[in-house]
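1. sequence and predicted model, in that order:
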Amino acid sequence: MRAVKIAAAAMAVLIVLGTTVLIVALFKRASNPVAPAVMTASAVAVMDEPAGTGIIGIAAAGDRLAVQLHGGGPDRVVFVDPRTATVAGRISLAR
């Protein structure tokens, strides 16, 4: 019976310690959130597109920017990585 009481006390201590660690971690994350990576004004993404190409729209797509292009060929979407300001991928419609 004594062993059961010791085991129950040990488990209660572990539950209290685990809960305390969890609460402290949540407060630390809430007080110091991680800022998302943002393309600065000095960053330039150069997209080698044909003459007559225009940007129809830009939208966030996960951690990339989806840039919808029109003209200069078939309509297409170019994905830009804002952290490196490079073209990460393309989707186009064949004509």
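-> Cool, the structure landed. Every value quoted in this text rests on a predicted model; they were computed, and no experiment measured them.

2. going by C-alpha atoms from here, please, whenever you check contacts or count neighbours.
-> Noted.

3. so where do the helices sit in this structure?
-> For the chain, the helices defined by DSSP state H occupy 2-31.

4. how does it divide into domains?
-> Split into domains by automatic domain parsing, the chain comes to 1-34, 37-95.

5. return the most buried member of these.
-> domain 37-95 (a mean of 14; mean count of other C-alpha atoms under 10 Å).

6. could you give me the average pLDDT of it?
-> The average pLDDT for domain 37-95 rounds to 81.

7. grab the most central residue of the protein for me.
-> Nearest residue to the geometric centre of the chain (C-alpha atoms, centre = their mean): residue 63, 4.4 Å.

8. correct me, but that one touches residue 81?
-> Yes: judged on C-alpha atoms under 8 Å, residue 63 makes contact with residue 81 at a distance of 7.2 Å.

9. relative to residue 4, how far out is the residue lying closest to residue 60 once chain neighbours are set aside?
-> Of all residues not flanking residue 60 in the chain, residue 66 sits nearest, at 6.0 Å (C-alpha to C-alpha, 6 or more residues apart in numbering). Remark: distance between residue 66 and residue 4 (C-alpha to C-alpha, to the nearest Å) = 61 Å.

10. do the same with residue 25
-> 31 Å.

11. then residue 50?
-> 77 Å.

12. ok, residue 20 next?
-> Separation of residue 20 from residue 4 (C-alpha to C-alpha): 24 Å.

13. could you do residue 63 as well?
-> 52 Å.

14. check contacts around the closest residue in space to residue 52 that isn't next to it in sequence.
-> The shortest distance from residue 52 to any non-neighbouring residue, by C-alpha to C-alpha, 6+ apart, is to residue 72 (5.0 Å). Neighbour list for residue 72: 49, 50, 51, 52, 53 [criterion: C-alpha atoms under 8 Å, 6 or more residues apart in numbering].
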